[in-house]
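Chemist: Sequence first, predicted coordinates after that:
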Amino acid sequence: MSLMNKLGAYVFPWGPDSPSVDGLVDMAQEAEAYGFDSVHLPWHFTLPRRRMHSTIPNQYMIDPLLLLTLYAARTKTIRLGLNSVLLPVHHPFVWAQHFASLDVISEGRLIAGAATGWWKEDMQVGGSTLEERVPRSNEALDVINKLWRGEPISETGKFWDSKDLVLEPRPLQDPLPFWYGGSLKALKRAAKWATGLFMMNPTPEELVEEIVPAIRATPTTIGRPLDIIAYNYVTVSDDKDWLEREIRPLLMGRMNQVMPSELASMQDDPNLLKPDGRVVWGSPEQCAEQIRRTFAAGADYMVLDFNFHGVKDLAFARQQMKDFATRVAPLLDR
């Protein structure tokens, strides 16, 4: 199987250009034409009021759920991912219904995704708190899975009353691909209620030494080990000076959750994450090698971010995705 069949592309509905609906749909259609297996949208009510997001003018973006429905209508074969909805901020029936309906509308092309959440602004809009997000997530995951399987819910929950609720229609896929976002700290939760663990920028060494052994040793309810999905930033270029001058600060800012201007004072921090060996960047050959190494180390799937979580504009992302498809993809299976 070609590695392109194990790659998805991320599209962000925010950015310095406040991307248009037409532009966002165009990128999804281009991902399909280039041969990516899936296209993904993040889910949030709003961006947080943090310095690292200060360059993004559309703090309140178009609803990703509605945008994904448009993707289902405007694409034909590419799978559609929503990674990751925040469980504490809606009644679990709402999430179960959204995912099931999207799977039906797309004729079985959905990849569902969820997480506990981490931005207080999302909790503010959704009527939750950061302190409650873990127990709320556990209750939501239990209810969602029961609704998808058609199992009776006989008790009222602590946070939501789900007693006797029934979902119809249920997802077409059985089981529905369901990726839980988080580190190995979320492994037990993912193993109980999901089909995959969606992880940020794992290195091949981390996969071999820590992640794969932990996942293979953890029993799951699906009867097989969880899929390992690696999220990774991508920049394709032969211009080493540009990569060091322009891209390294952006990558390190994103990876360490700080503004690029703050990095100078952090150079001696032993916990400072650096892109070398962790991020897909550099020449086409270097990008292909990093992807091959990630899969060889145990990843089952990769989702690629071409504009640093929306820090760069949509035109940059679309050009990078094109460069990847035309210059890196032909090298992947060598």
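Modeler: Nice, thanks for sending it over.

Chemist: where are the low-confidence patches of the protein?
Modeler: For the chain, applying pLDDT under 70 flags the ranges 50-54.

Chemist: Give me the buried positions along the longest helix anywhere in it.
Modeler: Criterion DSSP state H: the longest helix present in the chain is helix 133-149. By neighbour count on 16 or more other C-beta atoms under 10 Å, the buried set for helix 133-149 is 133, 136-148. Every C-beta, even on glycine, is put in place using the N, C-alpha and C of the backbone.

Chemist: could you redo those residues as CSV and give each row distance to residue 116?
Modeler: CSV is the format used below for the buried residues of helix 133-149 (distance: C-beta to C-beta, whole Å):
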residue, distance to residue 116
133, 5
136, 8
137, 4
138, 9
139, 12
140, 9
141, 10
142, 14
143, 15
144, 14
145, 16
146, 19
147, 19
148, 19
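
Chemist: which helices and strands sit right next to the longest helix of the chain?
Modeler: If you count contacts as 3 or more C-beta pairs under 8 Å, 6 or more residues apart in numbering; DSSP states H and E, helix 133-149 packs onto helix 92-105, strand 110-115, helix 187-193.

Chemist: how about a cut-off of 7 Å?
Modeler: Where contact means 3 or more C-beta pairs under 7 Å, 6 or more residues apart in numbering; DSSP states H and E, helix 133-149 is packed against helix 92-105, helix 187-193.

Chemist: Could the C-alpha coordinates of it be exported in PDB?
Modeler: C-alpha atoms of helix 133-149 as PDB (Å, rounded to 0.1, in the frame of the first residue of the first chain):
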ATOM      1  CA  ARG A 133     -13.300  18.500  31.700                       C
ATOM      2  CA  VAL A 134     -11.900  15.000  32.500                       C
ATOM      3  CA  PRO A 135     -15.000  13.600  34.300                       C
ATOM      4  CA  ARG A 136     -17.300  15.200  31.800                       C
ATOM      5  CA  SER A 137     -15.200  13.600  29.000                       C
ATOM      6  CA  ASN A 138     -15.400  10.200  30.600                       C
ATOM      7  CA  GLU A 139     -19.200  10.400  30.900                       C
ATOM      8  CA  ALA A 140     -19.500  11.700  27.400                       C
ATOM      9  CA  LEU A 141     -17.400   9.000  25.900                       C
ATOM     10  CA  ASP A 142     -19.400   6.300  27.600                       C
ATOM     11  CA  VAL A 143     -22.700   7.700  26.400                       C
ATOM     12  CA  ILE A 144     -21.500   8.300  22.800                       C
ATOM     13  CA  ASN A 145     -20.300   4.800  22.400                       C
ATOM     14  CA  LYS A 146     -23.500   3.300  23.800                       C
ATOM     15  CA  LEU A 147     -25.600   5.500  21.400                       C
ATOM     16  CA  TRP A 148     -23.500   4.400  18.400                       C
ATOM     17  CA  ARG A 149     -23.900   0.700  19.400                       C
END
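
Chemist: next one: whichever helix or strand comes after that helix to chain centre, how far?
Modeler: Sequence order places strand 178-181 as the next helix or strand after helix 133-149, per DSSP states H and E. Taking the mean of its C-alpha atoms, strand 178-181 sits 8 Å from the chain's own mean (C-alpha atoms, centre = their mean, to the nearest Å).
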